[in-house]
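Chemist: just the structure for this:
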Amino acid sequence: MKRLAGSFQIAAVYVGTVIGAGFATGKEIVEFFSRFGFIGFLAILVSGYLFIAMGTKIMLVANDIKAKSYEQFNEYLFGKWFSKFMNILMMLMLLGVTAVMLSGAGAVFEEQLQLPKQIGVLLTIVLGFITMLIGTKGLFAVNTVVVPIMIIFNVILMLQAITGEGYIERFLMIPETSDTWKVIIAPFSYTAFNLAMAQAVLVPIAGELKDRKTIQYGGYLGGAFLSLILISIHLTLVSIPNVIHYEIPMAIVMKTVATGFYMIYVFIIYSEIFTSVIGGVFGLEKQLSNYWRNRELSIFIGIFLFIYLLSFFEYGQLLSYLYPLFGYLSIIFIVLLIIKPTTKPPIINNR
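Modeler: Numbering: from 1, shown residues only. The predicted model follows:
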């Protein structure tokens, strides 16, 4: 029973780390999968398998080498010299994405609740700071609550959508697009990018745990949950005609098939953003603590202050340059991960 509970906690953190505002709005799913129709659904199945297999392998390798941060994991994966470049890029991405998510939390308050943006930003910082002070248990607790609600919500929306008239025809349709070839690499690039980012949280958690079976089952369960969420959102979105034209496609679903779930939808968006913020901060703290030992409080204050300042700026243009670069490097990350063994690798030097 203890192993089952531990596995579920790991799975919840895995899901909460990978998902973000893009999941709640549905925009990411549309761009990578749903706009390709039925072929996109097949690509989602491939992506789901990769989330199960590769997410589990990240944690098993991290446990094998007793890695305390993604820096140590990348050094094992990429080698001593190339890992330095990857770690710098990872730090930039974590800072940028976490700051954008923090800004997004404020936007939810401003656009959906008609409250000042700074209320949302500051509330997120306060809640995040409290969660981080609790430590790994706080990270587990938040995700253990948020993730089941998220899954139930998406399944309910899916059931509402698939009962509509003419749904089977829309599900099986394959739209004509000029870049259909992208659906071939979509499951690999999408999964690789998300896993490369998620390692900031998955690596230190797995490195601290002793029961390897708990880690393995947690990885399988987390990957399965991510697959379920991806499938349910896709099955929901294909019910909307011309879904590619909407910036927030899930909002269209709310207006057409589930108007009574509006406040739950707002809560889900905020919760997904919040789990991304605390996941990013957790990963950054574990990395920086390699250089400033026994200064957790100072590191947390510094990170939250830094991302708060960054949240005032528009990072969309910066991320538009970094995302493609990181996406290509992430595919290398997946390839190396597949090659590396999961048993009896050399123990790295925990500095």
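Chemist: tell me the first helix or strand C-terminal of the helix or strand of the chain with the lowest mean pLDDT.
Modeler: Counting by mean pLDDT, DSSP states H and E, the chain has its least confident helix or strand at helix 21-25, which shows a mean of 63. Per DSSP states H and E, the first helix or strand lying C-terminal to helix 21-25 is helix 27-32.
Chemist: pull out the buried residues from that following helix.
Modeler: For helix 27-32, a neighbour-count test (16 or more other C-beta atoms under 10 Å) marks 27, 28, 29, 30, 32 as buried. To be clear about C-beta, it is placed using only N, CA and C from the backbone, and glycine gets the same treatment.
Chemist: what's the closest of these to residue 108?
Modeler: Taking C-beta to C-beta as the measure, residue 108 lies nearest residue 27 of the buried residues of helix 27-32, at 14.7 Å.
Chemist: the closest one against residue 252, yeah?
Modeler: No: with contact defined as C-beta atoms under 8 Å, residue 27 and residue 252 do not form a contacting pair (11.5 Å).
Chemist: checking residue 197 next. Helix, strand or coil?
Modeler: Three-state call for residue 197 (DSSP: H, G, I helix; E, B strand; the rest coil): helix.
Chemist: secondary structure element holding the spatially closest residue to it that is not a sequence neighbour?
Modeler: Among residues not flanking residue 197 along the chain, residue 93 sits closest, at 6.6 Å (C-beta to C-beta, 6 or more residues apart in numbering). If you go by DSSP H and E, residue 93 is part of helix 82-112.
Chemist: let me know the average pLDDT across that helix.
Modeler: The pLDDT scores in helix 82-112 average 79.
Chemist: and for stretch 164-176?
Modeler: Rounded mean pLDDT across stretch 164-176 is 83.
Chemist: make 54 the first number, not 1, from now on.
Modeler: Sure, I'll start numbering at 54, so the last one becomes stretch 217-229.
Chemist: which stretch of helix or strand covers the closest residue to residue 193 other than its chain neighbours?
Modeler: Leaving aside its sequence neighbours, residue 193 sits nearest to residue 62 (C-beta to C-beta, 6+ apart; 4.5 Å). Using DSSP H and E, residue 62 maps to helix 55-71.
Chemist: just checking, what packs against that helix?
Modeler: helix 91-118, helix 189-215, helix 235-261, helix 265-290, helix 315-341 (3 or more C-beta pairs under 8 Å, 6 or more residues apart in numbering; DSSP states H and E).
Chemist: turn these into a markdown table, including distance to residue 125.
Modeler: As requested, the helices and strands packed on helix 55-71 are exported to a markdown table (distance: least, C-beta to C-beta, whole Å):
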| stretch | distance to residue 125 |
| --- | --- |
| helix 91-118 | 7 |
| helix 189-215 | 17 |
| helix 235-261 | 8 |
| helix 265-290 | 17 |
| helix 315-341 | 9 |
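Chemist: so which of the ones you listed comes closest to residue 151?
Modeler: So among the helices and strands packed on helix 55-71, helix 315-341 is nearest, using C-beta to C-beta, at 3.3 Å.
Chemist: and the angle for the closest one with helix 135-165?
Modeler: Going by axes from the mean of the first three to the mean of the last three C-alpha atoms, to 10 degrees, helix 315-341 is angled at 150 degrees with respect to helix 135-165.
Chemist: by how many degrees do helix 315-341 and helix 235-261 diverge?
Modeler: Going by the same axes, to 10 degrees, helix 315-341 makes 60 degrees with helix 235-261.
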